[in-house]
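# Take this sequence and fold it.
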Amino acid sequence: MTEIVRVMVESGKKKVVASAFDWIGWERNSLSEADALAVLAAYRPRYAKVAELAGLADEFQAATDVRVVERVEGTGSTDFHGISMRSAAPEYLPMTAAELERKTALLRACWAYFDATALRVSAEMRSGPRGGGRDRTKIVRHTLFAETHEFTKKVGVATPFEELLTPDGLAGHREAYVDGIREASARGVMARSWTLQFTIRRTAYHLLDHAWEMEDKYLTGEAGRTAGT
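A predicted model of the protein is given here:
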């Protein structure tokens with residue numbers, strides 16, 4: 001990787017999503033391109049913790065030149081959910097062995113960050129526009145359910161939801177997912193209707209988005225209540 005942070009901007013009619021697609025999971029939305037890029041930058045300190053967990057802290061610290069390298073038209077999900085649903089042009093390309101290892105390391109880091117966040121925040125959450133008044137358990141269950149019902153199936157991994165509720169079952173599911181990613185990459189195939197790299201990125205984003213949601217809404221302590229903490 002280089003010192004450049006490549007960003008794809010997806011513009012809808014109401015919202016804009018900025019995705020640093022080489023740093024999977026680091027993407028944010030707002031009402032304009034300038035504002036989306038500003039929010040993305042504000043979340044840099046939070047994402048730095050993920051990069052550190054992946055063993056990529058030095059690389060992330062050096063990558064300071066944020067550049068919009070691609071602009072695409074958003075989808076309905078851009079405006080309704082404020083999420084990226086388009087593959088960046090480089091995500092259509094096969095991954096090298098090094099790229100595959102790097103992205104799976106980041107994905108594992110996103111899992112670790114999500115798990116650690118769920119353990120340290122309060123069971124109850126402050127009410128707000130996202131999910132109404134759902135508590136930590138509902139956020140965790142939603143995140144796990146979406147992973148096994150939407151994302152991992154793209155590479156042929158369909159773990160029964162109940163298995164995700166035990167430590168051994170969850171660990172086995174994640175290893176199966178990484179194995180599925182590796183197999184799909186080796187075969188050079190799409191993850192059904194998605195590119196493989198977008199599938200990994202979409203999984204990572206969903207994990208971090210809800211980890212950050214828990215940080216922002218938990219009821220004890222002050223850590224995580226602003227984008228810079």
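# Tell me, how many residues neighbour G156?
14 (other Cβ atoms under 10 Å). In this view, the C-beta of every residue, glycine as well, is placed from N, C-alpha and C.
# my read: it touches D179, true?
No: when contacts are counted by Cβ atoms under 8 Å, G156 is not listed as touching D179 (9.8 Å).
# Show the average pLDDT along the lengthiest helix in the chain.
Ranked by residue count under DSSP state H, the longest helix found in the chain is helix 97-120. Here helix 97-120 scores 97 as its mean pLDDT.
# Which strands or helices does that helix pack on?
In terms of contacts (3 or more Cβ pairs under 8 Å, 6 or more residues apart in numbering; DSSP states H and E), helix 97-120 is packed against helix 44-53, helix 136-146, helix 167-187, helix 196-217.
# Nearest to K14 among these would be which one?
For K14, the closest of those is helix 196-217, at 18.5 Å, according to Cβ to Cβ.
# can you give me the offset of the closest one from its chain's centre?
Centroid displacement of helix 196-217 relative to its chain, using Cα atoms, centre = their mean, to the nearest Å, is 3 Å.
# what about it, average pLDDT?
Average pLDDT, helix 196-217: 96.
# Residue ranges in the protein under the pLDDT threshold?
1, 128-133, 220-229 (pLDDT under 70).
# Run through the residues that contact the most centrally placed residue in the chain.
Central residue of the chain (Cα atoms, centre = their mean): Y205, 1.5 Å from the mean position. Shown in contact with Y205 (Cβ atoms under 8 Å, 6 or more residues apart in numbering): 19, 24-25, 27, 83-84.
# try 6 Å this time
Residues near Y205 by Cβ atoms under 6 Å, 6 or more residues apart in numbering: 25, 27.
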